[in-house]
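Asker: generate a structure from the sequence data that follows.
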Amino acid sequence: MTYISENYDVGIIGAGHAGIEAGLACARLGCKTAVFTINMDAVGNCPCNPSIGGTAKGILVREIDALGGEMAKTADECLLQMRMLNRGKGPAVQSLRGQIDRRKYADIMKHKLELQKNLSLKQAEITDLEFSDGSWLLTTRTGATHKCKCVIIATGTYLSGKVFIGETSFESGPDGIFPSVFLGDALKKLGLSLRRFKTGTPARVLRSSIDFSDLEEQPGDDDIVHFSFENGFLREGENKVMCHISWTNDKTKQVILDNIHRSPLYSGKIEGAGPRYCPSIEDKIVRFADKPRHQLFIEPCGENTEEMYLQGMSSSLPEDVQLSFYKTIKGLENVQIMRTAYAIEYDCVDPVQMNNTLEFTDFPGLYGAGQFNGSSGYEEAAAQGLIAGINAALKVKGKPPFVLDRASSYIGTLIDDLVTKGCSDPYRMMTSRSEYRLILRQDNADARLTPLGYNLGLISEERYNAFLSKQELKKQEMKRIRETVISPGDELNQILVSRETSPVCTGVHLAELIKRPQLSYEALIPVDVDRPALDKAIFSEVETEIKYEGYISKQQAQIEQMRRLETKSLPFDIDYDSITGLRLEAIEKLNKVKPANLGQASRISGVSPADISVLIIWLSSGRDK
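Answerer: Next up is the predicted model:
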């Protein structure tokens, strides 16, 4: 028996990282919002690793924060350890990674949803979705029908979820939560193209069963920033835990190879495509047979639990095999498994059915976000949830959509890759995916995106004024170092010689000294006598922009060229078969993706520069009218 329940501006299916950001964004922008979750205790769950950030992912987290999202602030609130990855490399690839208390993170996020004005958090399984009389109708398993102007699907790995542990398999979402078993059929009936993906997670083991005495320690960093720009640098004592490193060996490899026929990955039981860049340990052993060992990180799951996470040891092998191969690893000889590793298979959508707002092109008012869109990772999910939430709210209010391009952010790159190129396996953000990564750094995400977040209404007046003050101080400091001349002398030349760079015999601008690879702001303190007392973050950002000034200028020129193509819109209803000169592959791909502009068209796999030239001529001839 069904009954009509409440009406909402936006209904969100799922309360993982995507659903949370979508819900908060919609509610904060004034929309009456409902977030539906199968289990209230799974809100904000981190079913895989107990961490936020990582290579490129940490930049996504800072971008989410700069736009007014919540992930960064909550990660800072339950931080156990923070590290800057790739510190020995250039600033373009440096990213924050924070070890977090996973239960505390989930509790804080759930409470924020509960406290948010305009937002209702509801435990209910959505089993049907249909469009009727200009609205979306969401029906729950208990028979309630909710009428929504817009809907965001953020089902994570719950949609027709199935867990595999060796020969054993059963319907389940992550961490033993019920899966969404009916919604997938409703989406297929609607006409969405779904496919099957797979991911997995390592075992959780008992701390007291690990011998840490001979393991390499991995401490946190003391001199880096928090995820949120509002929180500044880490304070003493915020690195509360030590992580450790161990390695697999020949014995580990042999146990896995002897039992590889029992892995559902190789027995044919798992149909879904697995993650290319975060494979299971059995996949690593087979694919990288020449490698003598593989690294694993032993990380705590929280302050008030004895569960330890074995990063890098995801597996779908049977439980007895898992115990055998874990015990071959140094430090784990007497390990006790608390939660068995497993693989999980789930339904997701082909993201080329969406545009850059994450709205389905054939279903106005319907949006997708997170792993439902074919991505992997908490950070990718949260970024998409934020953008989908913003755009759903703007649509409800009758305002223009919000789109980030590739040159503005990793978020823009992520979404453009998904909706333009699609993905044949779970998409993971990496710095190599951006052609503008020297500009899209973790330190300047606020400069790139905070004004946009303020204009949307997600950044407070107080925070925006603090941001403007920081930018002004940075501008003044940039001016000062370009104008300040350091006189030659013994003290300066001693610094230069000690740093193995050539001495000077005439005055030299401070900016020119900072440009030298061997020198830094800190090294020049003795001769920079008029240096103002500024936040370390300002000095760091100024130093980066001075050192890489030439490369940054080149990337800016590339961005301008790209944006010129982005301004040349392509009508949505083009029949590319009618355009003479396009290759057959290009016609097929263009008709499938329906790019919004020439820039997006140029990034579609199978569309060549010659095809773009044909489209430019076609547009200039006025035949698009």
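Asker: what count of nearby residues applies to the closest residue in space to residue 228 that isn't next to it in sequence?
Answerer: Excluding the flanking residues, the one nearest residue 228 by Cβ to Cβ, 6 or more residues apart in numbering is residue 72, at 4.1 Å. For glycine as for every other residue, the C-beta is placed from the backbone atoms N, C-alpha and C. The local packing of residue 72 (other Cβ atoms under 10 Å) involves 29 other residues.
Asker: surely residue 72 and residue 65 touch.
Answerer: Yes - in this structure, residue 72 is within contact of residue 65 by Cβ atoms under 8 Å, at 3.5 Å.
Asker: got any residues that touch both of those two?
Answerer: The contact sets of residue 72 and residue 65 overlap at 227, 228, 229 (Cβ atoms under 8 Å, 6 or more residues apart in numbering).
Asker: include distance to residue 353 and neighbour count when you put those into CSV, please.
Answerer: Shown next, in CSV, are the shared contacts of residue 72 and residue 65 (distance: Cβ to Cβ, whole Å; neighbours: other Cβ atoms under 10 Å):
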residue, distance to residue 353, neighbour count
227, 32, 26
228, 34, 22
229, 35, 22
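Asker: for those residues, which one is nearest residue 117?
Answerer: Residue 117 has its nearest neighbour among the shared contacts of residue 72 and residue 65 in residue 228, at 21.2 Å by Cβ to Cβ.
Asker: which ones are touching that closest one?
Answerer: By Cβ under 8 Å, 6+ apart, the contact list for residue 228 reads 65, 72, 73, 76.
Asker: neighbour-wise, which one of these leads?
Answerer: Ranking the contacts of residue 228 using other Cβ under 10 Å puts residue 72 first, with 29 neighbours.
Asker: burial of the residue nearest to residue 425 when sequence neighbours are not counted, as a residue count?
Answerer: Excluding the flanking residues, the one nearest residue 425 by Cβ to Cβ, 6+ apart is residue 273, at 4.3 Å. If you count neighbours by other Cβ under 10 Å, residue 273 ends up with 18.
Asker: return the backbone torsion pair for residue 273.
Answerer: phi -80, psi 130 (degrees, to the nearest 10).
Asker: can you map out the strands along the stretch 501-625 of the chain?
Answerer: 508-509 (DSSP state E, counting those that start in this stretch).
Asker: so where's it shaky on pLDDT?
Answerer: The model of the stretch 501-625 of the chain has pLDDT under 70 over residues 623-625.
Asker: cutoff 80 now
Answerer: Applying pLDDT under 80 to the stretch 501-625 of the chain flags residues 622-625.
Asker: which residues of it fall in helices?
Answerer: Ranges of helices in the stretch 501-625 of the chain, per DSSP state H, counting those that start in this stretch, are 510-515, 536-547, 549-566, 584-593, 598-602, 609-620.
Asker: for the fourth one, packing partners?
Answerer: Packed against helix 584-593, as judged by 3 or more Cβ pairs under 8 Å, 6 or more residues apart in numbering; DSSP states H and E, are the following elements: helix 598-602.
Asker: how many neighbours does residue 113 have?
Answerer: 24.
Asker: residue 540 too?
Answerer: Around residue 540 there are 17 residues (other Cβ under 10 Å).
Asker: from residue 260, how far off is it?
Answerer: 48 Å (Cβ to Cβ, to the nearest Å).
Asker: strand partners (parallel or antiparallel) of the helix or strand that residue 338 is a member of?
Answerer: Per DSSP states H and E: residue 338 is located in strand 337-339. If you go by DSSP bridges, strand 337-339 pairs up with strand 204-206 (antiparallel).
Asker: name every strand pairing with the first helix or strand past the strand it pairs with going along the chain and say which way it goes.
Answerer: Downstream of strand 204-206, the next assigned helix or strand under DSSP H and E is strand 216-218. Its sheet considered, strand 216-218 pairs with strand 243-247 (antiparallel) by DSSP bridges.
Asker: and the contacts of the strand it pairs with?
Answerer: 81, 99, 212, 215-219, 293-300, 329-332.
Asker: just the strands in the stretch 251-400 of the chain please.
Answerer: Ranges of strands within the stretch 251-400 of the chain are 295-300, 307-311, 337-339, 342-349, 366-368, based on DSSP E, counting those that start in this stretch.
Asker: and residue 613, how far from residue 584?
Answerer: 17 Å.
Asker: cool, residue 130 as well?
Answerer: Counting by Cβ to Cβ, the gap from residue 130 to residue 584 is 37 Å.
Asker: comparing these two, which residue is more hemmed in?
Answerer: Comparing residue 130 with residue 584 by other Cβ under 10 Å, the one with more neighbours is residue 130, at 13 against 9.
Asker: quick one, phi psi at that one?
Answerer: Per degrees, to the nearest 10, the backbone of residue 130 is at phi -150, psi 160.
Asker: okay, and the beta partners of it?
Answerer: Here residue 130, judged by DSSP bridges, has bridge partners residue 137.
Asker: can you pull the contacts of it?
Answerer: Contacts of residue 130 by Cβ under 8 Å, 6+ apart are 136, 137, 186, 190.
Asker: and it, how far from residue 179?
Answerer: For residue 130 relative to residue 179 (Cβ to Cβ), the value is 21 Å.
Asker: next: residue 164.
Answerer: Remark: distance between residue 164 and residue 179 (Cβ to Cβ) = 13 Å.
Asker: and stretch 501-518, which residues are buried?
Answerer: Within stretch 501-518, the residues scored as buried using 16 or more other Cβ atoms under 10 Å are 504, 508, 510, 511, 513, 514, 516.
Asker: dump the residues you listed into TSV; add distance to residue 358 as well.
Answerer: Shown next, in TSV, are the buried residues of stretch 501-518 (distance: Cβ to Cβ, whole Å):
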residue	distance to residue 358
504	54
508	51
510	46
511	42
513	46
514	41
516	45
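Asker: list just the nearest of those residues to residue 208.
Answerer: residue 514 (50.4 Å).
Asker: nearest spatial neighbour of the closest one, skipping sequence neighbours?
Answerer: residue 546 (5.0 Å).
Asker: quick revisit: are any of the contacts of strand 243-247 buried, and which?
Answerer: For the contacts of strand 243-247, a burial check counting by 16+ other Cβ under 10 Å picks out 81, 99, 215, 294, 296, 297, 298, 299, 300, 329, 331, 332.
Asker: now these as CSV including pLDDT?
Answerer: Putting those into CSV (pLDDT from 0 to 100) gives the following:
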residue, pLDDT
81, 98
99, 98
215, 97
294, 96
296, 96
297, 97
298, 98
299, 98
300, 98
329, 98
331, 98
332, 98
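Asker: nearest to residue 58 among the residues you listed?
Answerer: Closest to residue 58, out of all of the buried ones among the contacts of strand 243-247 and judged by Cβ to Cβ, is residue 99, at 12.4 Å.
Asker: what about the residue nearest to residue 228, distance to residue 332?
Answerer: On the measure of Cβ to Cβ, residue 72 and residue 332 end up 33 Å apart.
Asker: repeat for residue 183
Answerer: To residue 332, residue 183 is 39 Å away according to Cβ to Cβ.
Asker: any idea which helix or strand in the protein has the lowest mean pLDDT?
Answerer: Among the helices and strands of the chain, helix 264-267 carries the lowest confidence by mean pLDDT, DSSP states H and E, at a mean of 82.
Asker: contacts for it next, please.
Answerer: Taking Cβ under 8 Å, 6+ apart as the rule, helix 264-267 contacts 164, 166-167, 169, 260-261, 270, 274, 280, 282-283, 286, 316, 343.
Asker: quick one: list the elements packing against the top helix by length along the chain.
Answerer: Longest helix of the chain, by residue count under DSSP state H: helix 461-483. Other elements packing on helix 461-483 under the criterion 3+ Cβ pairs under 8 Å, 6+ apart are helix 445-456, strand 508-509, helix 510-515, helix 536-547.
Asker: with adjacent residues omitted, what lies nearest to residue 191?
Answerer: Counting by Cβ to Cβ, 6+ apart, residue 191 lies nearest to residue 362, which is 7.0 Å off, once chain neighbours are set aside.
Asker: having no further points to raise, I will conclude here.
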